[in-house]
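Trainee: A predicted structure for the sequence below; I have some questions about it.
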Amino acid sequence: MATLSAAEIDDISARYPEVFAGSQRKRRTGWLVGLGIASYLVFAWWFFAVGSVLAGGNWGIAGIYLADWVSYEIRPTVEFRGDRLDVTYARFSTYQADRQPDWVTLEPAGAPPPGVEGVAERAVIGIGRDNSLDITPRLVTVVRGNETLVIDIVPDERVTARGALPQWAEQKTPGEKLIVSFGFAGRAEIEADEVKIRHRFFGWENFVFDGNSPFWGKSAGEVLSLLLSGPRLKPEMSNAALAWDNIWNNSEWQHGDVWTKLLQTIVMAFVGTVFASALAFPLAFVAARNITPNRFANQLFKRFFDFLRSVDMLIWALFFTRAFGPGPLAGISAIFFTDTGTFGKLYSEALENIDDKQREGIRSVGAAPSLVQRYGVVPQVLPVFLSQSLYFWESNTRSATIIGAVGAGGIGLKLWEAMRTNSDWENVAYMVLLILIVVFVFDNISNVLRRRLIGRTVID
Amino acid sequence: MSVTLSDTGLAVERHWQELASRRRLYTIGGVLFMIVAMSASLWFANESNAGKFWDRLPHVFDFIDQLMPRDGWEVWRALFDLPSPYADGSLKYDYPEGRVYLTSTLYVPEYIYKMLETINIALVSTLVGFALGFCLCFLAASNLVTQRWLRFFVRRFMEILRAFPEIVIAGFFLAVLSIGPIPAILAVSIHTVGALGKMFFEVVENADMKPDEGLRAAGANWPERVWFGIVPQVMPNFLSYGLLRLEINVRASTIIGAVGGGGIGEVLRLSISRTHEAKTLAIILLLLLTIIGVDQLSAWLRKKLVGEQAFAFGRGD
């Protein structure tokens, strides 16, 4: 095997400069393109003021929003009332003064004597296994793991900690609000007139039954035995019907509404895709220049498809939302119009690529023009058509979610509303999960069907 | 002239008849299923819509009628922010209000500025998505990575990025960063990483492995093998897919804009809901021209890059 020494290599590259200079020039182009992109990104950074927007972002709250996806908070407020305490919750909370969670222990237990303000003299609130707050009107004892912080309260005046504050406690002004943090499990704001506690739990609260349901707070076994053999909780309906009604109309999760909206989105994608395929099918035959030998008709229909496609799905969606009112009809129409254009283009391209021999064969035996199309053309293109439609069916399910948010109905709008309130991120997570499942299932169905139609090699 | 069939012939005929009748059964079943599913779907859609189809149909034409401009110049006035003779102090004809002045006299008309914003959103997110998808795709290709777990992890990661609804990412960052184009950029970029990553690794898996073999024989390490053996082959396809993505992203960023991401989508939504016909038409015209322009440019570039196969579009959304 011949080998070249370094000197020979240099000699050869000197002898044929055009061969090696070419790659030099190419390399320079690479650098120039890189430089161009870099300077464009710098421009974009300035144009969108990325730095200041990112710096101005409320990143602290981003963590809470993310935590809200998979967890929830219960927020008791302990108010000081003279020598006694009140433990209250937000107005629509599951828990109320007469229904305390089991991690809130009140002493003395039981209903307060008549005429006395405040439910108890002392409240012990456990935050997780190792932390607790022992609250009396004059003294709050915070236990976090093996550390203890004792805080003196002068009602309506001062909050003073005994000793130095540990790392997990914070007091901006002496005598004012003192904040203790328990990490993920929660935090407490101790003020001179009340203690606000936020206790965070992993999971979705009241996912099955909400606080108003008679089944609330019961274990799965108890619910099951009630369903099967228990006495009727409501005389007018069976327990199973009541349970179903309670789940379907769960006020926090709105399962019924969410599932109906999800079905709307699915219907939007399905009907829109089917209609678009059905209309594009005949039109594509007119647009294909080898099927209809009329250049004017070809061009007319092709430009028509381009128009439908280029007027974006968003414009169609907004347009039909104005016309039909918000709801799936607008979404169906938007998908139908956009995809008629898309399918028309795809189908006519497929038609233009067919093998002409089969058509010739059918024509040579004297078949009528319609039969030539039916037996010479359709069998070749139908699998491709169906495969493309199936592909878009799946991707339209995703599009339908997005155009839903601009008013075309379906889960998109519901999702958008849930996000706008900034407090229902767990509902957002629920809906996202449902959408992901639907897209995943449809993706697989469409893949399986496409594989059966055209074999695994053609279009993926 | 019928011939009596032999036993074999009869068996063949019987078999053929069975096949034909099964086929017919499938066809009829499929058609019936489609009819039932379609009617149920249509009924459900009509039932849950705010307006019913037949009630609202005349209003569709009313709306189209309303959209007709008063005179041929109104759309152009709206597009180039020229004062309108119909100006009545309301927002409907206040075109000069939205001008973005570059110098004291030179201005960019409002909608063209917004359109540029949307194009920039699409361009930046395509670049970011391209870069990250490029980095990820080699880790997902079975001909380059032997560790199954790594491939599995990277592929699932990209799938999640792709399937996660863009609007949720946008909504989340809108809550954190307040209204503006950056949530849109983030949302579209994240989706692009997943979508491009998937197409890229499929291209990489179809690459010719001989250059790689040669490099391996010469003792090249993994990054060198990828950079000198694979990248030169796949780059034209990558760029072609990137351009395809750019087309999709222009549309996507318009839509995200309409739900609060800024840009042309937002002004379009506002002008439709406020029944500013001339403005609406101007924006639709601008959007149409832009989308056609971007599509044509990208188709031309793709044809230069990879030849005839450049015409595949709309895939890998």
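Mentor: Received, thanks.
Trainee: What are the boundaries of the strands in the chain?
Mentor: Reading this off chain A. With DSSP state E applied, chain A shows strands at A:71-74, A:77-81, A:84-88, A:104-107, A:122-127, A:131-135, A:139-144, A:147-154, A:158-161, A:169-171, A:178-181, A:186-190, A:194-202, listed in chain order.
Trainee: ah, no, chain B please
Mentor: Using DSSP E, strands in chain B cover B:100-101, B:107-108.
Trainee: Give the pairing partners of the last one; include direction for each.
Mentor: Which is strand B:107-108. strand B:100-101 (antiparallel) (DSSP bridges).
Trainee: Now do the partner strand: distance to the chain's middle.
Mentor: Taking CA atoms, centre = their mean, to the nearest Å, one finds strand B:100-101 lying 31 Å from the centre of the chain it belongs to.
Trainee: for that strand, what is the average pLDDT?
Mentor: Average pLDDT, strand B:100-101: 80.
Trainee: re earlier: which stretch among the strands of chain A comes nearest residue B:236?
Mentor: strand A:71-74 (47.7 Å; CB to CB). From N, CA and C alone the C-beta is placed, and that goes for glycine too.
Trainee: quick one, what contacts residue 168?
Mentor: By default, I'm working from chain A. A:144, A:147, A:180-183 (CB atoms under 8 Å, 6 or more residues apart in numbering or on different chains).
Trainee: not what I meant, chain B
Mentor: A:415, A:419, A:428, A:432.
Trainee: Narrow those to those in helices?
Mentor: Applying DSSP state H to the contacts of residue B:168, the entries found in helices are A:415, A:419, A:428, A:432.
Trainee: Farthest pair within these?
Mentor: A:419 and A:432 (10.3 Å).
Trainee: re the thing from before, which members of the ones in helices among the contacts of residue B:168 are classed as buried?
Mentor: Among the ones in helices among the contacts of residue B:168, those buried by neighbour count (16 or more other CB atoms under 10 Å in any protein chain shown) are A:415, A:419, A:428, A:432.
Trainee: Could you break the chain into its assigned domains?
Mentor: Let's take chain A. A:69-202, A:216-253, A:255-454 (automatic domain parsing).
Trainee: I was after chain B.
Mentor: According to automatic domain parsing, the ranges for chain B are B:7-48, B:108-311.
Trainee: average pLDDT across the longest one?
Mentor: If I follow you right, that is domain B:108-311. pLDDT averaged over domain B:108-311 gives 89.
Trainee: same check, this time on the shortest one
Mentor: Here domain B:7-48 scores 91 as its mean pLDDT.
Trainee: Run through the residues of the stretch 51-200 of chain B sitting next to chain A.
Mentor: Residues of the stretch 51-200 of chain B found near chain A (CB under 8 Å from any CB of the partner chain) are B:51, B:53, B:56, B:59-60, B:63, B:117, B:120, B:123-124, B:127, B:160, B:163-168, B:171-172, B:174-178, B:180-182, B:185.
Trainee: could you point out the longest helix in the chain?
Mentor: Let's take chain A. helix A:255-287.
Trainee: wait, I meant chain B there
Mentor: helix B:7-48.
Trainee: quick check: angle from it to helix A:255-287?
Mentor: 120 degrees (axes from the mean of the first three to the mean of the last three CA atoms, to 10 degrees).
Trainee: And helix B:7-48, how far out from the chain middle?
Mentor: Here helix B:7-48 is found 34 Å from its chain centre; the criterion is CA atoms, centre = their mean.
Trainee: for stretch A:50-61, same thing?
Mentor: On CA atoms, centre = their mean, the centre of stretch A:50-61 falls 22 Å from the chain's centre.
Trainee: can you check stretch B:160-169 too?
Mentor: Offset of stretch B:160-169 from its chain centre (CA atoms, centre = their mean): 13 Å.
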